[in-house]
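Chemist: got a sequence here, can you model it:
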Amino acid sequence: MSQSVKFWFDVTCPFAWATSRWIKEVEKVRDITVEFVPMSLAVLNDGRDLPENYTNGMKAAWGPARVFAKVATDEPNKVDELYTIMGNKVHGEEQGGKTGYGAYDELIKEALAEAGLDASYAEVANTEDADEALRAFHNEGINSVGDEVGTPVIKLGDTAFFGPVITRIPTGEEAGEIFDAAVRLSEYPYFFEIKRSRTEMPQVSNK
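Modeler: Here you go, the predicted model:
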């Protein structure tokens with residue numbers, strides 16, 4: 001029986017990207033069904049008192065998240081493909097880290113074209129038209145896992161967690177074994193978290 005996986009992401013988040021690429025590797029070696037769902041660091045941090053540089057990064061993050069919310073509403077079967085295309089541009093090609101409203105506008109247009117999606121989706125990036133849908137997707141993830149988390153959120157069967165936070169992407173059977181371990185932990189109702197100090201950022205560049 002296929003294992004159900006629900007994966008909430010913000011395309012600008014390098015940690016979500018690394019974990020999502022692990023899940024894509026798991027697809028090759030385990031019988032899983034993955035649903036990618038947008039959430040938003042901009043929504044998560046809305047109204048918080050944050051350093052100016054981080055606040056400016058959150059301004060940039062609104063655009064892509066809104067576009068993903070619109071695509072997830074109208075053509076949910078295309079979210080996975082669009083995430084791979086746009087995420088590779090942001091992280092693999094090191095086009096992320098942008099600041100200010102509209103900073104990802106051109107990248108969004110490029111990714112939509114490559115995914116074969118209508119260019120009109122880009123129009124919601126700098127409006128509030130998709131905000132209700134975005135907040136609904138986001139809140140579904142947060143309500144599944146609880147407060148004080150970020151991206152990614154992953155739901156294995158009936159249990160959701162923040163993470164796993166990884167900085168390198170396992171492949172092949174190793175990816176599958178790590179997934180098996182995560183599933184086993186999720187099956188124990190009294191398991192909540194494992195954490196240690198992180199010593200590096202995700203290593204996901206194609207360069």
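Chemist: list the buried residues of stretch 197-207.
Modeler: Neighbour counts using 16 or more other C-beta atoms under 10 Å place 202, 204 of stretch 197-207 among the buried residues. (Each C-beta comes from the backbone N, C-alpha and C, glycine too.)
Chemist: any low-confidence regions in the protein?
Modeler: Residues of the chain meeting the criterion pLDDT under 70: 207.
Chemist: where exactly do the strands run in it?
Modeler: With DSSP state E applied, the chain shows strands at 3-9, 32-38, 153-156, 159-162, listed in chain order.
Chemist: buried ones in stretch 90-97?
Modeler: So for stretch 90-97, counting by 16+ other C-beta under 10 Å, buried means 90, 91, 92, 96.
Chemist: then stretch 22-29?
Modeler: 22, 23, 24, 25, 26, 27.
Chemist: residues near the residue nearest to the fifth one when sequence neighbours are not counted, how many?
Modeler: Once its chain neighbours are removed from consideration, residue 26 has its nearest residue in residue 179; the separation is 4.5 Å (C-beta to C-beta, 6 or more residues apart in numbering). Residue 179 is flanked by 23 other residues according to other C-beta atoms under 10 Å.
Chemist: ok now do the residue nearest to residue 56 when sequence neighbours are not counted, which residues does it touch?
Modeler: Excluding the flanking residues, the one nearest residue 56 by C-beta to C-beta, 6+ apart is residue 99, at 3.8 Å. Shown in contact with residue 99 (C-beta atoms under 8 Å, 6 or more residues apart in numbering): 53, 56, 57, 59, 60.
Chemist: make TSV out of those and add distance to residue 119.
Modeler: Listed next are the contacts of residue 99 as TSV, based on distance: C-beta to C-beta, whole Å:
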residue	distance to residue 119
53	31
56	27
57	25
59	23
60	20
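Chemist: ok, of those residues, which come out buried?
Modeler: 56, 57, 59, 60.
Chemist: about what we covered before: between the buried residues of stretch 22-29, which is nearest residue 197?
Modeler: residue 22 (20.4 Å; C-beta to C-beta).
Chemist: is it true that that closest one touches residue 170?
Modeler: Yes. Under the criterion of C-beta atoms under 8 Å, residue 22 makes contact with residue 170 at 5.9 Å.
Chemist: shared neighbours, the two?
Modeler: The contact sets of residue 22 and residue 170 overlap at residue 178 (C-beta under 8 Å, 6+ apart).
Chemist: the strands of the chain into a markdown table, with extra columns for mean neighbour count and distance to residue 140?
Modeler: Listed next are the strands of the chain as a markdown table, based on neighbours: other C-beta atoms under 10 Å; distance: least, C-beta to C-beta, whole Å:
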| stretch | mean neighbour count | distance to residue 140 |
| --- | --- | --- |
| strand 3-9 | 21 | 8 |
| strand 32-38 | 19 | 7 |
| strand 153-156 | 23 | 9 |
| strand 159-162 | 20 | 10 |
